[in-house]
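Engineer: Provide a 3D model corresponding to the input given below.
(chains A and B)
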Amino acid sequence: MNSMHWHKHFARALTAPDLPLPDGIIRHDGCPDLKRFNVYRNNHVMSLISNLKDGFPLVLAIVSDDFFSYMA
Amino acid sequence: MSRLRTNINNAINTIINNNDKQTKPDLPKAVGVGFKPQHLPAIAKDSNGVNWFEIHAENYMVDGGPRKAMLEQLAMDFPISCHGVGLSIGAPQALDRNHLKRLVSLLNWLQPAMFSEHLAWSTHGDTFYNDLLPMPYTKPVLEQVIAHIDQVQDTLKRQILIENPSTYILFAEHDMTETDFINAIIRRTGCGLLLDINNVFVSTCNHNPHNHYQSAREYLAQLPMKSVFEIHLGGHSVDKDAAGSLLLIDSHNDAVADPVWQLYKDVISTHGIKPTLIEWDNDVPEWHILQRDAIKANVMITHIQDRTLNYEQHALA
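Structural biologist: The predicted structure is shown next:
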């Protein structure tokens, strides 16, 4: 990967859970590890849910935190 | 008459100078806490153990409103450190000029004791990911990061601090270590280091699961400690990766973990007291729970100070 490609591949895989792990993303033993990459995917989804909660506080109060997260 | 006018002018200048935010003190070498607006009433009643606060810059990039009024009130009583989470210094694309303008405007208004950002990226094109994402440690990426830090420091006309990241993956194309990368940034740009000890522990556990405590100590030994002007302590959560190895996540949703306290004690014993922040950003607890970690850090600081004082008195005797 050149100095731009890592950025493009990482960003694309971040928002597309169906895409495989980008080439060259590894754990300490040199193997790919989807669960580790999914920490970033999960953070991304959680931040979107958090933004929705901030934008709809009344809905959040009515339906409860768990149900709002499930709906999101 | 003219003397009277001079006296009045002097009095006015004194008032202006006293109100001038430029005269705000540096960040004290003591304990601060990440500010959450819901804590303001409790802080007003009891701020024992807390000497300064840190805010996330992006939460206050607005023209006015109740949130900014709260910050103004807080800043009258405490030194403030301003922590950016959205500049995306590590992305190989131009910095967002509008974001930089908003930052300049906030810092001119607030005049915080410190401004810090992350060794991370959060944008691709126009998309903002609201996370601190990792980058390969290569020479081309190093040059991009240095150019971005130079641009930020030139625009803000102040030294900034860069925080070491917590990471969960590595890039096969890394051609230098993270500490070499950080040393090069500091040497070339003159920026300082915000040492996040929880991030050190999280990353070293994730990338050296069989020898993590020693790895964390080695990582710390390779950092330019004279350039550390602030320390962060936060909580993490514990998971396992696909191979069953330890996977720590920098979740900021819990109290500071014991091994992180131990590393903190080692750092301040060896390198002296630094302004120290307790971070708790998710599942934020009641004020007194946060205050408990602040008081714990204060006890460690006092212990080190007493030991240093005893040593100096012993040396003089």
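
Engineer: the bottom helix or strand of chain B by mean pLDDT?
Structural biologist: helix B:2-19 (a mean of 45; mean pLDDT, DSSP states H and E).

Engineer: who's in contact with the helix or strand following that one?
Structural biologist: Going down the chain from helix B:2-19, the next helix or strand is strand B:31-34, by DSSP states H and E. Contact partners of strand B:31-34, identified using C-beta atoms under 8 Å, 6 or more residues apart in numbering or on different chains, comprise B:49-56, B:78-79, B:81, B:275-281, B:290-291, B:294, B:297-298, B:301. C-beta: built from backbone N, CA, C; applies to glycine.

Engineer: what do you get for stretch B:239-254?
Structural biologist: Residues contacting stretch B:239-254 (C-beta under 8 Å, 6+ apart): A:27-29, A:31, A:33-36, A:39, B:166, B:168, B:198-199, B:201-202, B:205-206, B:209, B:212, B:234-238, B:279-283.

Engineer: sorry, back to before: sort out for me which of the contacts of strand B:31-34 are in helices.
Structural biologist: Members of the contacts of strand B:31-34 lying in helices (criterion: DSSP state H): B:290, B:291, B:294, B:297, B:298, B:301.

Engineer: Verify the stated contact: the fourth one with residue B:274.
Structural biologist: Meaning residue B:297. No - here residue B:297 does not reach residue B:274: they are 10.9 Å apart, not a contact under C-beta atoms under 8 Å.

Engineer: Which one's more surrounded, those two?
Structural biologist: Taking neighbours as other C-beta atoms under 10 Å in any protein chain shown, residue B:297 and residue B:274 compare with residue B:297 leading, 25 against 20.

Engineer: Spell out which parts of chain A neighbour chain B.
Structural biologist: A:1-4, A:6-8, A:10-11, A:14-15, A:23-31, A:33-37, A:39-40, A:43-44, A:47-48, A:51 (C-beta under 8 Å from any C-beta of the partner chain).

Engineer: One more pass at 7 Å, please.
Structural biologist: With C-beta under 7 Å from any C-beta of the partner chain as the criterion, chain A meets chain B at residues A:1, A:3-4, A:6-8, A:10-11, A:14, A:24-28, A:33-37, A:39-40, A:43-44, A:47.

Engineer: Can you mark which positions in the helix or strand hosting residue B:216 are buried?
Structural biologist: Assigning secondary structure by DSSP H and E places residue B:216 in helix B:212-221. Counting neighbours by 16 or more other C-beta atoms under 10 Å in any protein chain shown, one finds that the buried residues in helix B:212-221 are B:212, B:215, B:216, B:217, B:219, B:220.

Engineer: what subset of those residues is also close to chain A?
Structural biologist: Of those, not one also sits near chain A (C-beta under 7 Å from any C-beta).

Engineer: one step back: now, the contacts of stretch B:239-254 that are in strands?
Structural biologist: Within these, residues falling in strands by DSSP state E are B:234, B:237, B:238, B:279.

Engineer: Name the SS class of the residue nearest the centre of chain B, please.
Structural biologist: By C-alpha atoms, centre = their mean, the mean C-alpha position of chain B lies nearest to residue B:194, the distance being 5.1 Å. Three-state assignment for residue B:194 (DSSP: H, G, I helix; E, B strand; the rest coil): strand.
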